[in-house]
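# coordinates only, sequence not included:
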């Protein structure tokens, strides 16, 4: 292998795949990155056996070849170099890296020992705008569970219902759902939330298209010069849509920033009680009040004005409320509930495509 590549492109590719290679791996080879020439481009690949990311970059290739080298060392070294043209040359298992002022050799392991994710056979395909998918992931992935004892809930559920495509995540205490538009295919795949976090991180901001290919075992996302492959989670996802209320006896519509501010302050006093705060609506005064008590610190009560319908109080986790408020985009927010033990809903009143449900706490 012999080629030239820019430091900027190589550094960007190593940054895209580095987290996968640098995660805790049982096999030493998985801490390496596979560097390989492919169709007049250079590909860099990292995998942890459940997720694989490939980043393609342009290169001037004189000789074909492949090698694996330690990902952390390669990433740190290339990131430390000034922007310039880098020469890469492979001799046996030694990768020579040369610029105008730097001459280094990194010892590698032959590429044959690097595990590759199997090709997706009999794949079905859908296409999405990458901006839409990135927004949907940002609004849903954080609601997935991290408890491996309930593996189904550690996934993000991409599925269709009534000719509409949805993406959803829940940890049984909260639920996030985003509608992605019309789609008449029958889709029901459960993707690890860790893979979706990586996809959110590497999906480019500029306008483009994400091609999603999947079968019963795997899913492949292709966006720009990046490919991400993940093994699917087996199991049946709960029929969560039955749990989403459609009518609320008590509700308020208010400025999102006002609710964020009073929730942040109340959260400071709620840490002792695992984030527990009590929200009360008063139809006469058109106000929402949040109360939090910490026996060792003190207590706090904060209010915000809005348009209130009905009244009553409910106790919820303030951290969950802050999480969803941070991913809403509108100036106003709708907050509704029916009773002390019924699910609450938080949404942008001008965006019906996104719903977030928080289960109340026993006060």
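Arrived safely, thanks for sending. Here the structure is a predicted model, which is why all the values come from computation and not from measurement.
# measure stretch 210-228 end to end?
One end of stretch 210-228 to the other measures 11 Å (Cα to Cα, to the nearest Å).
# average pLDDT for that stretch?
Averaging pLDDT along stretch 210-228 yields 95.
# which other helices and strands does the longest strand anywhere in the chain contact?
Counting residues, the longest strand found in the chain (DSSP state E) is strand 298-309. Using 3 or more Cβ pairs under 8 Å, 6 or more residues apart in numbering; DSSP states H and E, the elements in contact with strand 298-309 are strand 250-255, helix 256-270, strand 287-294. Heads up, the C-betas are built off the backbone N, CA and C, glycines and all.
# repeat that with 10 Å
strand 250-255, helix 256-270, strand 276-282, strand 287-294, strand 332-337 (3 or more Cβ pairs under 10 Å, 6 or more residues apart in numbering; DSSP states H and E).
# list the neighbouring strands of that strand plus their orientation.
Applying DSSP bridges to the sheet, strand 298-309 is found paired with strand 250-255 (antiparallel), strand 287-294 (antiparallel).
# in the last one, which residues are buried?
The one in question is strand 287-294. 287-293 (16 or more other Cβ atoms under 10 Å).
# again with stretch 346-363
Quick answer for stretch 346-363 (16+ other Cβ under 10 Å): 346-348, 353-361.
# could you do stretch 164-178 as well?
Within stretch 164-178, the residues scored as buried using 16+ other Cβ under 10 Å are 165-171, 174-178.
# ok so, going back, deepest-packed of the helices and strands packed on strand 298-309, please.
When the helices and strands packed on strand 298-309 are scored by mean count of other Cβ atoms under 10 Å, the highest mean neighbour count falls to strand 332-337 (a mean of 22).
# average pLDDT across that one?
97.
# elements contacting that strand?
strand 250-255, helix 256-270, strand 276-282, strand 298-309, strand 312-317, helix 318-327, strand 344-347, strand 354-358.
# one step back: between the longest strand of the chain and strand 332-337, how big is the angle?
100 degrees (axes from the mean of the first three to the mean of the last three Cα atoms, to 10 degrees).
# nearest the geometric middle of the protein, what residue?
residue 197 (2.8 Å; Cα atoms, centre = their mean).
# for residue 223, give the beta-bridge partners.
residue 210, residue 226.
# what's the burial count for it?
20 (other Cβ atoms under 10 Å).
# I figured residue 5 was touching residue 88, is that so?
Yes. Residue 5 is in contact with residue 88 according to Cβ atoms under 10 Å; the separation is 6.6 Å.
# so which of the helices and strands packed on strand 298-309 gets nearest residue 18?
helix 256-270 (33.0 Å; Cβ to Cβ).
# hang on, the earlier thing: tell me the one of the buried residues of strand 287-294 nearest residue 248?
Using Cβ to Cβ, the buried residues of strand 287-294 come closest to residue 248 at residue 288, 13.9 Å.
# residue contacts, residue 178?
Counting by Cβ atoms under 10 Å, 6 or more residues apart in numbering, residue 178 touches 132-133, 135-140, 165-169, 327, 351, 353-356.
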